[in-house]
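Trainee: Here is my input, please return the structure:
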Amino acid sequence: MLIVRDFAMLDITPEVEHLASVILASGILPQKAATDAAHIAIAAVHGIDFLLTWNCAHIANAVIAKAVANICRQYDWESPVICTPEELF
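Mentor: Alright, predicted model coming up:
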């Protein structure tokens with residue numbers, strides 16, 4: 001697809017794997033949301049400012065976002081701003 005051709009692929013590093021596992025282990029997200037925890041961890045570890053999603057159950061949820069931000073700070077990562085595309089614009 002030409003539209004996404006120029007986007008960089010972000011690596012799943014050991015730091016990403018660790019942060020995702022910590023997010024899951026905290027119980028903030030259910031185990032079935034491991035991919036969601038990975039999305040958040042990838043964005044945090046790679047310094048992404050915004051994580052846009054329509055997943056309001058596990059990602060774009062104010063209570064979860066606050067708890068995730070606290071976990072990220074504990075491990076010296078900055079959580080991205082998590083919101084829906086509509087909220088961003």
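
Trainee: if I pick the most centrally placed residue in the chain, what's in contact with it?
Mentor: Against the mean C-alpha coordinate of the chain, by CA atoms, centre = their mean, the closest residue is residue 40 at 1.0 Å. Residue 40 makes contact with 19-20, 23, 51, 59, 68, 79-80, 82 under the criterion CB atoms under 8 Å, 6 or more residues apart in numbering. Every residue, glycine included, has its C-beta placed from N, CA and C.

Trainee: what's the closest of the residues you listed to residue 9?
Mentor: Nearest to residue 9 among those: residue 51, at 15.8 Å, using CB to CB.

Trainee: The closest one: neighbouring residues, count only.
Mentor: By other CB atoms under 10 Å, 20 other residues sit near residue 51.

Trainee: helices or strands up against the helix or strand hosting it?
Mentor: For residue 51, the host element (DSSP states H and E) is strand 50-52. Judged by 3 or more CB pairs under 8 Å, 6 or more residues apart in numbering; DSSP states H and E, the packing partners of strand 50-52 are helix 34-45, strand 81-83, helix 85-88.
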